[in-house]
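Engineer: Everything below, folded, please.
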Amino acid sequence: MNFVSIRVITTDVQRLARFYEEITGMAVTMYTPDFGELVTPACTLAIGSTRTLQLFGGDIARPADNHTAILEFRVGDVDAEFDRLSGTLAGAIVQEPTTMPWGNRSLLFRDPDGNLVNFFTPVTAEAIRKFDKQGA
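Structural biologist: Numbers count the residues shown, from 1 in each chain. Next up, the predicted model:
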């Protein structure tokens, strides 16, 4: 088995697609006006509109109502990303770059729908080894 993607449901696919393109520097491939994907080497972030829920049987997810998941992206230098995105993330920062007890330096912020996003860089020898083994 291989975990390949996570899907975020939104009322505004274009807004979220533009946001994730800006913060990652990667293009979102739009397959329809209701569905797009940001493909990274490790995983895919799918962005679907509320209209796609009908294909799964109806009202099964609520957009902008996530209180449990954090979307995480490994970046080369979390402090540089914080500086680069300071204007984009104004008012959305939950935690400025902080070194966590498990060895990652982490920047936590919210996307336009309020989903938590974590940019992190492994900084301790153990964390670096862990992610090098994963190929992430």
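Engineer: helices or strands up against the host helix or strand of F82?
Structural biologist: Assessed by DSSP states H and E, F82 sits inside helix 78-84. In terms of contact count using 3 or more Cβ pairs under 8 Å, 6 or more residues apart in numbering; DSSP states H and E, helix 78-84 is assigned the packing partners strand 93-99, strand 104-110, strand 116-122. C-betas here are computed from N, CA, C, even on glycine.
Engineer: what residues does the second one touch?
Structural biologist: Contact partners of strand 104-110, identified using Cβ atoms under 8 Å, 6 or more residues apart in numbering, comprise 70, 78-79, 81-82, 89, 92-100, 116-123, 127.
Engineer: Check the last one too.
Structural biologist: Counting by Cβ under 8 Å, 6+ apart, the neighbours of strand 116-122 from elsewhere in the structure are 23, 66, 69-78, 81-82, 94, 100, 103-111, 128, 130-131.
Engineer: Selecting buried members of those in PyMOL, what would you type?
Structural biologist: To isolate the buried ones among the contacts of strand 116-122 in PyMOL, judged by 16 or more other Cβ atoms under 10 Å, type:
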select buried, resi 23+66+71+72+73+74+75+78+81+82+103+104+105+106+107+108+109+111+131
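Engineer: Filter the contacts of strand 104-110 down to just the buried residues.
Structural biologist: Buried among those by 16+ other Cβ under 10 Å: 78, 81-82, 89, 97, 116-123, 127.
Engineer: what sits against A17?
Structural biologist: A17 makes contacts with V28, M30, G36, L38, I47, as judged by Cβ under 8 Å, 6+ apart.
Engineer: tell me which element the nearest residue to the first one once chain neighbours are set aside is part of?
Structural biologist: Residue nearest to V28 in three dimensions, not counting chain neighbours: A17, with 4.1 Å by Cβ to Cβ, 6 or more residues apart in numbering. Here A17 sits within helix 13-24, counting by DSSP H and E.
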